[in-house]
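**Student:** Here is the input, now give the coordinates:
(2 chains)
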Amino acid sequence: MTAPAARNVPALLMGLREEGFSGTVRLSGSPGGAIHVRNGLVGAIDTPGAPTVTSTLLTSGRIGDEAWLAACAVESDADRLGGQLVSAGLIGAAELEVVCTAAVFDAAFALGLRAPGGWELSDREPALVARPGVEPRQLTEETSRRMTLLSRLWGPPGGLARVRPVAAAGAGTRRPEGALARRHQDVLDHVNGRRTPRDIAFALGRGLYAVMLDLVRMEALGLVQLDSSTTSDGRPSTAPRAPRRETSTETSTETSTETSTETPAPKAAPLPKRRPGGAIPPQDAGQKGG
Amino acid sequence: MGEKTTALQASLDRLLESPGVTGVALVDAVTGLTYGAAGDIAEAGDGTDVSELAALIAERLGAAGAEGELESVVTTSRKRQQVLFSVVRPAGDPLVLAAGLDRDRANAALALRGLGDRAGEVLA
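**Tutor:** Okay, here's the model as predicted:
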């Protein structure tokens, strides 16, 4: 299977819509991901840049881990998992439709923050998909609208995605208890100067765009500070949520495509050399462990 | 979002059976994304406008010292009403059910109450 000649991903999806394609579009680059297409409609998008439906449902506690695993055990094909969740009474069909649709648009927005590296088509990969799916044209238009709105309200969305917000001084005491929307309070509880909007979105099980929009509104309310000087690198955070290894050999392999045009990955310090006589030379002694 | 009638579309279609309701739409209160609509969509209102209006009113109410989440907004003209109901969901960002009402065709107060009672059923 070969990818049709298209100048960009929206054009590719439009072409696949006309063909009634069912399968997967694998995107390279940062953050990259997989677009699951069913009968030409976009059913789901997996990307490290935004929470998936699974992440949203489990992190928010909408569906418990045990119940989720039980549903997965009954229905192993992820394409049909939604039906199982509904028939098991874990979520309403209309609500699941809302969650799946929201995730598709949110992931498309996350992908739009950076230009994709390239793409290739493959066979259908099982995924929890929105039924029947989202029209590619609607997806493109909504993503453009979101980019335009954030640009007008704050500035370049790519820059906002890299910000690590901090709570404004006195943010917790500025308003009486109960006057702040619960979701704003949740965001406020998670800003610490280290987390990006993406990190907050994953921690809360909310959409990336929704969190970014809330942060802009909260800045206007004097609750948070979005100082673009706190950005640390040239891309949205897509770091794995696992402790980073100290040795750099494997880490640099995993992220080399993302950082190659920016800061070179630090090289591992040379191991101390044993020399005749058994002593470690003073200049090597402090470099152990890098 | 597609050609086949979905559970959400069926829920919204049922709301049109209420007297005087000319159009309904289910909108994400944060992002402004319209998840579904039935009837005259223009009467229900544009999703982006609906969400921004609801957010603005909620912010102003909060600044004025009001506690709790926004429940509903009613905008009335001589002929029509636009109503925004907050749709409670167990988890996730809030939703807004936007509805347009024709004041000549129904008792507005009854229609408002009926819609308010059924807003929670949309996600069933």
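**Student:** Okay, helices next: where are they in the chain?
**Tutor:** Since no chain was named, I'll use chain A. A:9-19, A:53-59, A:65-74, A:81-87, A:93-112, A:136-153, A:157-162, A:182-190, A:197-204, A:208-220, A:249-259, A:282-285 (DSSP state H).
**Student:** not what I meant, chain B
**Tutor:** Under DSSP H, chain B gives helices at B:7-15, B:41-44, B:47-63, B:108-119.
**Student:** Pull out the buried positions in the second one.
**Tutor:** Within helix B:41-44, the residues that qualify as buried by neighbour count (16 or more other CB atoms under 10 Å in any protein chain shown) are B:I41, B:E43, B:A44. From N, CA and C alone the C-beta is placed, and that goes for glycine too.
**Student:** hang on, isn't the last one packed against B:V24?
**Tutor:** Translated: B:A44. Yes - B:A44 is within contact range of B:V24, at 5.3 Å (criterion: CB atoms under 8 Å).
**Student:** overlap in contacts of the two?
**Tutor:** Both B:A44 and B:V24 are contacted by B:A37, B:A98, B:A99, B:G100, under the criterion CB atoms under 8 Å, 6 or more residues apart in numbering or on different chains.
**Student:** Pull the contacting residues for the second one.
**Tutor:** For B:A98, the residues meeting the contact criterion (CB under 8 Å, 6+ apart) are B:V24, B:A25, B:L26, B:V27, B:A44, B:G45, B:G47, B:V50, B:Q82, B:V83, B:L84, B:F85.
**Student:** try 6 Å this time
**Tutor:** B:A98 sits next to B:A25, B:V27, B:A44, B:G45, B:V50, B:L84 when contact means CB atoms under 6 Å, 6 or more residues apart in numbering or on different chains.
**Student:** can you tell me how far it sits from A:P165?
**Tutor:** 31 Å (CB to CB, to the nearest Å).
**Student:** quick one on the thing from earlier: lowest average pLDDT across the helices of chain B?
**Tutor:** For the helices of chain B, mean pLDDT drops lowest on helix B:108-119, to a mean of 80.
**Student:** Show me what from chain B comes close to chain A.
**Tutor:** Within reach of chain A by CB under 6 Å from any CB of the partner chain, chain B has these residues: B:1-2, B:4, B:6-8, B:11, B:30-31, B:33, B:35, B:62, B:67, B:90-91, B:93, B:123-124.
**Student:** Report the separation between A:S60 and chain B.
**Tutor:** Note on A:S60: its distance to chain B, by CB to the nearest CB, to the nearest Å, is 4 Å.
**Student:** circling back to that earlier point, would you convert the helices of chain A into a markdown table that also reports mean pLDDT and mean neighbour count?
**Tutor:** Below are these laid out as a markdown table (pLDDT from 0 to 100; neighbours: other CB atoms under 10 Å in any protein chain shown):
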| stretch | mean pLDDT | mean neighbour count |
| --- | --- | --- |
| helix A:9-19 | 95 | 18 |
| helix A:53-59 | 95 | 21 |
| helix A:65-74 | 95 | 13 |
| helix A:81-87 | 95 | 19 |
| helix A:93-112 | 96 | 25 |
| helix A:136-153 | 96 | 17 |
| helix A:157-162 | 95 | 21 |
| helix A:182-190 | 92 | 18 |
| helix A:197-204 | 97 | 24 |
| helix A:208-220 | 95 | 24 |
| helix A:249-259 | 34 | 13 |
| helix A:282-285 | 42 | 10 |
